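Engineer: Next one to model:
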Amino acid sequence: MWAYFLPFDKDSKIPKRGVGTEKQLLNMLGLNRIQLIVGTDCQADYEIAQSSYQHLFEKVSYRPNNNVKLHIAISKKSLYLDKIQAFQNALTALIKEGAIKDISSSYFN
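Structural biologist: All right, here's what the predicted structure looks like:
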């Protein structure tokens, strides 16, 4: 179950459908089964770009002034599990250099 922001999450007048993936939401939107989806920019933008519906949707910008923490996970069964420290070091360096902030600011300007 996703949570976006309290006024939206708690509003019982807005019909909501929970699905397993954003791809399912895009398919429902593309087939006119729903009129609108809510998603985070980085995930929704990626899924829209990968879909066959990319030219059918109009994105509306809405910023409810809440932060959504994003996480990166590596499976315990991954072939790259032994590189977890190197990955952590690289990510820490990108954060310290300001690269992550520069990239994320492109979504919020």
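
Engineer: In this structure, where is pLDDT below threshold?
Structural biologist: Along the chain, segments meeting pLDDT under 70 span 1-4, 66-68, 107-109.

Engineer: measure the residue nearest the centre of it to residue 57 for me?
Structural biologist: Nearest to the mean C-alpha position of the chain, counting by CA atoms, centre = their mean, stands residue 43 at 2.7 Å. Residue 43 is 14 Å from residue 57, where distance means CB to CB, to the nearest Å. In this view, the C-beta of every residue, glycine as well, is placed from N, C-alpha and C.

Engineer: in the helix or strand containing residue 24, what counts as buried?
Structural biologist: Per DSSP states H and E, residue 24 falls inside helix 22-30. Buried residues in helix 22-30, counting neighbours by 16 or more other CB atoms under 10 Å, are found at 22, 25, 26, 27, 29, 30.

Engineer: care to break the protein down by domain?
Structural biologist: By the assignment in automatic domain parsing, the chain contains the domains 1-65, 71-109.

Engineer: OK, contacts around the residue nearest to the centre of the chain?
Structural biologist: Neighbouring residues of residue 43 by CB atoms under 8 Å, 6 or more residues apart in numbering: residue 22.

Engineer: mind checking how far the helix or strand encompassing it is from the chain centre?
Structural biologist: Using DSSP H and E, residue 43 maps to helix 41-50. Relative to its chain's centre, helix 41-50 lies at 7 Å (CA atoms, centre = their mean, to the nearest Å).

Engineer: what's the next secondary structure element after that helix?
Structural biologist: helix 84-97.

Engineer: which helices and strands does that following helix pack with?
Structural biologist: helix 99-105 (3 or more CB pairs under 8 Å, 6 or more residues apart in numbering; DSSP states H and E).
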